[in-house]
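Trainee: I would like the atomic coordinates for the input below:
(one chain, ligands or ions: 1)
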Amino acid sequence: MVRLFEPLKLRAVEIPNRVFMSPMCMFLAQDGHPTAWHKVHCGARAVGGVGLVMVEATGILPEGRISPGCLGLWSDDHVASLRPIAEFIRAQGCIPAIQLAHSGRRASLQIPAKGGAPLTVDEGGWTVVGPSALPFTSGYPIPHALGEEELDWLADQYVAATHRAIAAGFDIVEVHMAHGYLLHTFLSPIANQRTDGYGGSWEGRVRFPLEVTQRVRMALPDHLPLFVRVPATDWAAEGGWDLPQTIRFCSALREIGVDFIDVSSGGILDNEKLPTTPGFQVPFAAAIKAQSHIATGAVGLITDAHQAAEIVESGQADAVLLGRELLRNPHWPLYAAAELEASVPWPHAYLRGKFRPK
Ligand code: FNR
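Mentor: Just a heads-up that it's a prediction; the model follows:
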């Protein structure tokens, strides 16, 4: 038996295997609505055998998008346009999941294909927000520091987006707290320099992310799991968010009903130096799993079948998330299963392509 291709059960949801598609923005949405591209992109990976497709960062508000090309769930109209994607993923025996996001001070950017620079209001951009009036880096707008009433209202928008995600047919919601976006900026002392109850100490900095999580959990039916993508570290020389703080935070997340931690890192500093070694974030997933006693997913430079199998087999993580490797090869799980001599069902319509003539 190859554990990588065994099911993972979280609450009442059985994910058929432990190769997940990592969320990846396509920057091709229109007013927050997916296009045919999104259906093909997500659908192809579901056909290719992943156990779970995590739909890209989806804005809980228009101003929570990274760019005008990002998906959204701020209106009931988005429920109807996302539903066919969830349905198609499910029809392949795969679990449809969606990442809910607010980009905070890293919002209001041009799409990467047009350079990715900050957009002024005149160019179709908007006022960005954060815990403190500290920009991401020079050339980026100074965020509006959110007041307590605005935080309460924002938590309500996470709840509304959660209801819509479930109405659209997704089984799993992931709250995005990594990569320098809004909830990460609350966690990290680099971006959060508040002096009220939402900053300062570890307890103050985790307060808003925990309040959002608690309210999202309450909005979800009991039988559906909740994921959180965390930044394991800011990779800051000093004074940033780090692994010991993450481990403590993930224990708190577990206590309020989070089921799975998707372990990433970085994104708060523009000059960070990320390692580029295979599986460089796996030790973070392993430490969180062991010390916060919660299921984890490892992500980042996982590309090889044996590498992925070993991560799960050794108990470092419960699943792996693949990003760029699935862009190169949407059928990666089918190839990996063959290489590992595991059995994974091929789509019936493709069976005639399963075996190469000798
Ligand atoms: C990403 N990533 C990302 N992460 C996230 O949490 N939400 C998102 O919407 C996106 N969008 C996105 C778009 C594209 C084109 C890429 C390549 C990446 C990060 C991604 O999920 C993953 O964590 C990293 O790419 C590292 O994993 P790989 O690519 O080394 O397997």
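Trainee: Check whether stretch 55-63 comes into contact with the ligand.
Mentor: Yes: Stretch 55-63 reaches the ligand (CB under 6 Å from any ligand atom) through 56-57. From N, CA and C alone the C-beta is placed, and that goes for glycine too.
Trainee: pLDDT on that stretch, on average?
Mentor: Stretch 55-63 carries an average pLDDT of 98.
Trainee: again, but for stretch 171-180
Mentor: This predicted structure assigns stretch 171-180 an average pLDDT of 98.
Trainee: hmm, it touching the ligand?
Mentor: Yes: Stretch 171-180 reaches the ligand (CB under 6 Å from any ligand atom) through 176, 178-179.
Trainee: Save those residues as TSV, and put in neighbour count too.
Mentor: Formatted as TSV, the residues of stretch 171-180 next to the ligand follow (neighbours: other CB atoms under 10 Å):
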residue	neighbour count
176	26
178	24
179	18
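Trainee: out of these, which are inside strands?
Mentor: Among the residues of stretch 171-180 next to the ligand, the residues falling in strands (DSSP state E) are residue 176.
Trainee: just the CA coordinates of stretch 161-170, formatted as CSV?
Mentor: Extracted in CSV, the C-alpha atoms of stretch 161-170 (Å, rounded to 0.1, in the frame of the first residue of the first chain):
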residue,chain,number,x,y,z
ALA,A,161,-18.2,34.2,1.7
THR,A,162,-18.2,30.9,3.6
HIS,A,163,-21.9,30.5,3.2
ARG,A,164,-21.6,31.2,-0.5
ALA,A,165,-18.8,28.7,-0.9
ILE,A,166,-20.9,26.0,0.6
ALA,A,167,-23.9,27.0,-1.5
ALA,A,168,-21.6,26.8,-4.6
GLY,A,169,-20.9,23.1,-3.7
PHE,A,170,-17.5,23.2,-2.1
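Trainee: What residues of it count as buried?
Mentor: Across stretch 161-170, burial judged by 16 or more other CB atoms under 10 Å covers 161-170.
Trainee: mind putting the residues you listed in a markdown table, secondary structure included?
Mentor: Converted to a markdown table, the buried residues of stretch 161-170 look like this (DSSP: H, G, I helix; E, B strand; the rest coil):
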| residue | secondary structure |
| --- | --- |
| 161 | helix |
| 162 | helix |
| 163 | helix |
| 164 | helix |
| 165 | helix |
| 166 | helix |
| 167 | helix |
| 168 | coil |
| 169 | coil |
| 170 | coil |
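Trainee: closest to residue 7 among the residues you listed?
Mentor: residue 170 (18.6 Å; CB to CB).
Trainee: thinking again about what came up before, max pairwise distance over the buried residues of stretch 161-170: which two?
Mentor: Greatest spacing in those, by CB to CB: 161 and 169 (14.4 Å).
Trainee: And residue 285, how far from residue 293?
Mentor: Separation of residue 285 from residue 293 (CB to CB, to the nearest Å) stands at 13 Å.
Trainee: higher neighbour count, the two?
Mentor: Looking at residue 285 and residue 293 with other CB atoms under 10 Å, you find the greater number of neighbours at residue 285, namely 29 against 10.
Trainee: And for the host helix or strand of that one, what's in contact with it?
Mentor: Using DSSP states H and E, residue 285 sits in helix 282-292. For helix 282-292, contacts defined as CB atoms under 8 Å, 6 or more residues apart in numbering pick out 230, 232-233, 243, 246-248, 250-251, 253-254, 261, 263, 265, 294-300, 302, 311, 315-318.
Trainee: Give me the subset of these that also touch the ligand.
Mentor: Residues of those in contact with the ligand (CB under 6 Å from any ligand atom): 299-300, 302.
Trainee: Let's have those residues in CSV, adding secondary structure.
Mentor: Putting those into CSV (three-state DSSP) gives the following:
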residue, secondary structure
299, strand
300, coil
302, coil
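Trainee: so can I have TSV of those residues showing neighbour count and pLDDT?
Mentor: TSV is the format used below for those (neighbours: other CB atoms under 10 Å; pLDDT from 0 to 100):
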residue	neighbour count	pLDDT
299	26	98
300	25	98
302	24	98
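Trainee: Next, please give the residue ranges for the strands of the chain.
Mentor: Taking DSSP E to define them, one finds strands in the chain at 8-10, 13-15, 19-21, 52-59, 71-72, 95-101, 129-130, 144-145, 172-176, 226-231, 260-264, 295-299, 319-322.
Trainee: Could you dump those into CSV with distance to residue 35 added?
Mentor: Converted to CSV, the strands of the chain look like this (distance: least, CB to CB, whole Å):
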stretch, distance to residue 35
strand 8-10, 30
strand 13-15, 27
strand 19-21, 18
strand 52-59, 12
strand 71-72, 10
strand 95-101, 16
strand 129-130, 28
strand 144-145, 31
strand 172-176, 21
strand 226-231, 24
strand 260-264, 25
strand 295-299, 26
strand 319-322, 23
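Trainee: Sweet, I'm off.
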